[in-house]
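A.B. asks: Predicted model follows, preceded by the sequence.
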Amino acid sequence: MTDVQDIEAVTTQVKIDGQPDQKTRKYDRQLRLWAASGQSALENARILAISATATSTSILKNLVLPGIGHFTILDPQQVTPQDAGNNFFLEGQNSIGKSRAKEATRLLAELNEDVNSAADERSLEEILESETGREWIKEFTLIIAHNLEKGLLDRLAKLLWEDAKSPTLVVVRSAGFLAEFYIQFHEHTIIDSHSDSTPSLRIDKPFPALLDYALSLDFDKMDPTDHGHVPYVYILVRALEEWKKTHDGKPPQAYSDKKAFKASILSKKFKQDEENFDEAEAQAYRTWSVTGVPSEIQALFKDPLSPSSAANAATPLTPDSPPFFHLLDALRRFTEKEPFVLPLTSTLPDMKANTESYIHLQKLYKKRSEEERDVIRELVKETGGEVDDATLDLFVRNAHAVKVMRGKRWGVLDESEEALGNAVDPSGKPLSIHLALSALSEITAKQISPLTVEAVTKEAQTILPKGKELPEDWDNIVGEMHVFSPTADLPNTAAFLGGMVAQEVIKMITRQYIPIDGYCTADLIETWTGILLA
Amino acid sequence: MSQTTVDATSGDWEGRYDHIDQVLNTAGPRTDPGFLAGDGVKDFLRNQAKILVIGAGGLGCEILANLALTGFKDIHVIDMDTIDISNLNRQFLFRPKDVGKPKATCAAEFIMNRVPGVKVTPYFGKIQDKDEEYYMQFNLVICGLDSVEARRWMSATLVNMVDPENPESLKPLIDGGTEGFKGQARVILPSITSCYECSLDMLNKPTAFPICTIANTPRLPEHCIEWASVLEWPKVQGDKKLDTDDPEHIGWLYQVASARAKEFKIEGVTWSLTQGVVKNIIPAIASTNAIIAGMSACCNEAFKIATSSAAYLNNYFMLIGTEGVYSYTFEHEKRDDCPVCGGESLDLTISKDLTVEQIIELLVERQDIQIKKPSLATPTSQIYLQAPPQLEQATRPNLSKKVSELVAEDGEVTVTSTSLPFSLSLRIHYN
């Protein structure tokens, strides 16, 4: 719920009577997911789609609807009768013979008047030839390439990999019921990962104002109604403090201790039906599970590729480093001091309490959380970082779940025997799909015909390191692809990929949620998806 | 490029289905043995199959477009809603000028304009308006609904229709649903696989706030909004029905909730949250709908079932796209005590002191039952009936009686509700 409240605060542009404006109403169902910050990122993004296949237009549809800033379709081809039959963004026989880029752009643009668009009838080959062409391509935020011919794809991928600031490349390949997609990026940082995990309330390490207030309460002399409404946080902080007095300053540790501790909480009840004491008992683990820095966050502090101000840092933090790394470094220094924890959360879960005591507790947390946020702000200043308040707030609120992802160049997997050998794929199926699609694109590039199962298998074997056998599921996969058409862009596969790829693109652009790590493969015959970690 | 010749009756042109024909012309290694490649399957798909799509919303729009491109030519669609501005971020068959028009009609027109030769027959109304004879005409039913009640009704209706003597009476049901970056789809073969009712306990329990919290100890902005809608609206507005689609009504709730929040120093009541709470809004985006419609629910499964070109989903697919892409397929099993397809009564053990009123509360709250306003009867007598008013009045005194006074150990109680097309049979035990 807290997530939603935060979103509301930033997204709802209230008119006089309180009703949100037209645009907020149109995007209401998605703003509840990625808020105004995500929406603004989408609106500032420029997408290039190479070719207007059924799959490409399906992906674009799912980006135009939520309001991407701009899209260009690059496609020199004319609409064929086959295209007109399988692409929803062509007008049947009326589009046949016309520019595929123009027809698809026109029909996609019509989906959302807020989106800017362009049709470009040049070929990618022509663009990659010239310096101006190569510069032009780098002006996009993200490029989507579906079933692009191998030679061109490799050139494009290498060009974009040369400079870490170049657009993200999304490679999409499909044949019949089989599909795969991959995101080429250098580094992707996420502050708002929308993690399901909740930050610690620090009941085991109560901040002074919380401890003082909890100890000031006199449970025995309380009015019975108030007694039944003391928030469990106070009950636990107090019970833990009392326990520690008689147990060498330590929280309950042995199983019998924990049981005794829980019993002591319940024994404080005036009446059987005091639910706040039941809640305290249920939450008692919070007193003995030690609040520290989660291991994932500690790993980020130690990552040699992350700029850091630590004396032995592999990559030094400079004022020019991205704000994210100034924040991460400030967080590291914050956690190195007493009490060795992440900054306090300002959001409390709901709990049995009367309004007054709950709001009071909420204020204690909020005040402390703001103080700790201010400490982080000062720490950021020390390294010369510049971070706006909204980003700072967001970072502090998500400090337990921030992420850094590092990617690889497209093609590395197939070029390196080591990478293929190390690919993590317990079932064998993702690797089969990947190899089948790679072999298919090799064969198509070499113009080998007829396309037989044997030819594809032979090609796949040359991609695999010597001595490594084809995965278990190979025969099914290759048979499927060969028989079921190497060139079929099926409407359902296109629709499915359109959704999958658009979801990933949205995650990359908004820098929210967590995108795929590796190759996402799919087999629509078995209604199956799987990741090839490589 | 030369002028393309279009067949006047089918609307087809040479090459139109080349992509799809690649998978229909020959059998693959995993093709169902019953698959007859070639012209027969194409003829069935394009000239004989009749498909019903329920819901022309987020999933419905995707399903209709996919079915049309796949080659289904006779599609029917039912939807009782009209188009709202908040639909436009994903329901891509509608434009701003269509706001206020019926979804079913608009969607049908759009598909027929875009995909020549496809006939889409819309019905602007409720699924409950139609009888078994109507549902009998289809080969397959695909649901893209956001209502649990409608799904239960449809699933139960199709299970009831199954006549073991007549194989044609078994209508496969494909059901899909999405929420944000997550989605699920399943194939139900009525009476053979688990039905919608069998899996009722998998649904998330809706958040319910206790009335005493709302009335006396609000802590969250949601508590203030519930106070405005549940307690203040009927008190101040009398018999006027709350219309959650009316901006003036939402505006009123927003103001009342804001005032209460201010009084209690609670932060966070906004227009959008007010709307979200009272309408129980579920976040929705085009991409997730496209995945579910494209992959499982819907169209790929429909295509596979209709053509037997590949084994279809057995029987439940779940997708989570918030952290990478994670999907999971499993076989959801039939429940022997499913009130719709199980045949056995549900055993219920209760205290001897439980009153009729309490057992009704229990039934409403049970996650695997979820029945609204149930009426109760034994094979020989009425225990409590919600309607008509005379009978309600006559049976009302029973509410405060103990169940054990009315039903013997191991006795049977039949539970019915107007919202459901089936009755639930309970076997009562006392502890």
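C.D. replies: Thanks, I have the structure now.

A.B. asks: tell me which element residue A:393 is part of?
C.D. replies: helix A:389-397 (DSSP states H and E).

A.B. asks: List the buried residues in that helix.
C.D. replies: A:392-397 (16 or more other Cβ atoms under 10 Å in any protein chain shown). For every residue, glycine as well, the C-beta is placed using N, CA and C.

A.B. asks: Check stretch A:396-414 too.
C.D. replies: Applying 16+ other Cβ under 10 Å to stretch A:396-414 flags A:396-405, A:407-411, A:413-414 as buried.

A.B. asks: Output the contacting helices and strands for the helix or strand containing residue A:155.
C.D. replies: Element membership for residue A:155 (DSSP H and E) is helix A:150-162. With contacts taken as 3 or more Cβ pairs under 8 Å, 6 or more residues apart in numbering or on different chains; DSSP states H and E, helix A:150-162 sits against helix A:124-129, helix A:131-137, strand A:142-146, strand A:168-175, strand A:178-184, helix A:429-446.

A.B. asks: want to throw these into CSV with mean pLDDT, distance to residue B:431 and mean neighbour count?
C.D. replies: Output for the helices and strands packed on helix A:150-162, formatted as CSV (pLDDT from 0 to 100; distance: least, Cβ to Cβ, whole Å; neighbours: other Cβ atoms under 10 Å in any protein chain shown):
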stretch, mean pLDDT, distance to residue B:431, mean neighbour count
helix A:124-129, 97, 74, 15
helix A:131-137, 97, 73, 14
strand A:142-146, 98, 62, 25
strand A:168-175, 97, 58, 24
strand A:178-184, 96, 55, 24
helix A:429-446, 90, 50, 23
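
A.B. asks: now those in CSV, with distance to residue A:332?
C.D. replies: Below are the helices and strands packed on helix A:150-162 laid out as CSV (distance: least, Cβ to Cβ, whole Å):
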stretch, distance to residue A:332
helix A:124-129, 42
helix A:131-137, 37
strand A:142-146, 31
strand A:168-175, 27
strand A:178-184, 28
helix A:429-446, 36
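
A.B. asks: Okay, angle between the helix holding residue A:155 and strand A:168-175 too, please.
C.D. replies: Relative orientation of helix A:150-162 versus strand A:168-175 (axes from the mean of the first three to the mean of the last three Cα atoms, to 10 degrees): 160 degrees.

A.B. asks: With only the CA atoms kept, save helix A:150-162 in CSV.
C.D. replies: Output of helix A:150-162 as CSV, limited to C-alpha atoms (Å, rounded to 0.1, in the frame of the first residue of the first chain):
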residue,chain,number,x,y,z
LYS,A,150,23.5,-12.1,-39.0
GLY,A,151,26.2,-10.0,-40.6
LEU,A,152,24.3,-6.7,-40.1
LEU,A,153,23.3,-7.7,-36.6
ASP,A,154,26.9,-8.4,-35.6
ARG,A,155,28.0,-5.0,-37.1
LEU,A,156,25.2,-3.2,-35.3
ALA,A,157,25.9,-4.9,-32.0
LYS,A,158,29.6,-4.1,-32.2
LEU,A,159,29.0,-0.5,-33.1
LEU,A,160,26.7,0.0,-30.2
TRP,A,161,29.0,-1.8,-27.8
GLU,A,162,32.0,0.4,-28.6
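
A.B. asks: What lies in contact with it?
C.D. replies: A:50, A:124-125, A:128, A:134, A:137-138, A:143, A:145, A:148, A:166-167, A:169, A:171, A:184, A:186, A:409-411, A:441-442, A:444-445 (Cβ atoms under 8 Å, 6 or more residues apart in numbering or on different chains).

A.B. asks: again, only using 7 Å
C.D. replies: For helix A:150-162, the external contacting residues (Cβ atoms under 7 Å, 6 or more residues apart in numbering or on different chains) are A:124-125, A:128, A:134, A:145, A:166-167, A:169, A:171, A:184, A:409-411, A:441-442, A:445.

A.B. asks: and what of stretch A:272-290?
C.D. replies: Contacts of stretch A:272-290 (Cβ under 7 Å, 6+ apart): A:201, A:203-204, A:227-232, A:235-236, A:240, A:251-253, A:258, A:261-262, A:265-266, A:268-269, A:351-353.

A.B. asks: Just the buried residues of it, please?
C.D. replies: In stretch A:272-290, counting by 16+ other Cβ under 10 Å, buried: A:274, A:276-281, A:283-284, A:286-288.

A.B. asks: Pull out the buried positions in the helix holding residue A:155.
C.D. replies: Going by neighbour count (16+ other Cβ under 10 Å), the buried part of helix A:150-162 is A:150, A:152-154, A:156-157, A:160-161.

A.B. asks: now that helix and strand A:142-146, what's the angle there?
C.D. replies: Using the same axes, to 10 degrees: helix A:150-162 against strand A:142-146 is 160 degrees.

A.B. asks: ok now helix A:150-162, how far from the chain's centre?
C.D. replies: Here helix A:150-162 is found 25 Å from its chain centre; the criterion is Cα atoms, centre = their mean, to the nearest Å.

A.B. asks: now the chain, which segments are flagged as low pLDDT?
C.D. replies: Reading this off chain A. A:1-17, A:482-485 (pLDDT under 70).

A.B. asks: Wait, chain B was what I had in mind.
C.D. replies: Using pLDDT under 70, the flagged stretches of chain B are B:1-3, B:28-36, B:296-300, B:307-311.

A.B. asks: near chain A, which residues of the stretch 301-431 of chain B?
C.D. replies: B:303, B:310, B:313, B:317, B:321-325, B:327, B:329 (Cβ under 7 Å from any Cβ of the partner chain).

A.B. asks: For those residues, pick the one with the most neighbours.
C.D. replies: Most neighbours among these, by other Cβ atoms under 10 Å in any protein chain shown: residue B:321, with 28 neighbours.

A.B. asks: Which positions within stretch A:43-62 qualify as buried?
C.D. replies: Buried, per 16+ other Cβ under 10 Å, within stretch A:43-62: A:43, A:45-62.

A.B. asks: Which ones among the residues you listed also lie next to chain B?
C.D. replies: Checking those against chain B (Cβ under 7 Å from any Cβ), the matches are A:58, A:61-62.

A.B. asks: Out of the residues you listed, name the ones that lie in helices.
C.D. replies: A:58, A:61-62 (DSSP state H).

A.B. asks: now for the helices and strands packed on helix A:150-162, which one comes closest to residue A:78?
C.D. replies: Ranking these by proximity to residue A:78 (Cβ to Cβ) places helix A:124-129 first, at 16.4 Å.

A.B. asks: for the chain, which helix is longest?
C.D. replies: Assuming you mean chain A. helix A:355-382.

A.B. asks: That was the other one, I meant chain B.
C.D. replies: Criterion DSSP H: the longest helix present in chain B is helix B:247-263.

A.B. asks: Can it be said to contact chain A?
C.D. replies: Yes: residues of helix B:247-263 are located near chain A by Cβ under 7 Å from any Cβ, namely B:247, B:251, B:254-255.

A.B. asks: near chain A at all, stretch B:72-80?
C.D. replies: No: using Cβ under 7 Å from any Cβ, stretch B:72-80 never reaches chain A; the gap is at least 10.8 Å.

A.B. asks: Go ahead and name everything in contact with that stretch.
C.D. replies: B:45-47, B:49-57, B:60, B:64, B:67-68, B:103-104, B:107-108, B:117-127.

A.B. asks: Mind doing that once more with 8 Å?
C.D. replies: B:10, B:45-47, B:49-57, B:60, B:64, B:67-68, B:102-104, B:107-108, B:111, B:117-127, B:130, B:138, B:302, B:306.

A.B. asks: Having no further points to raise, I will conclude here.
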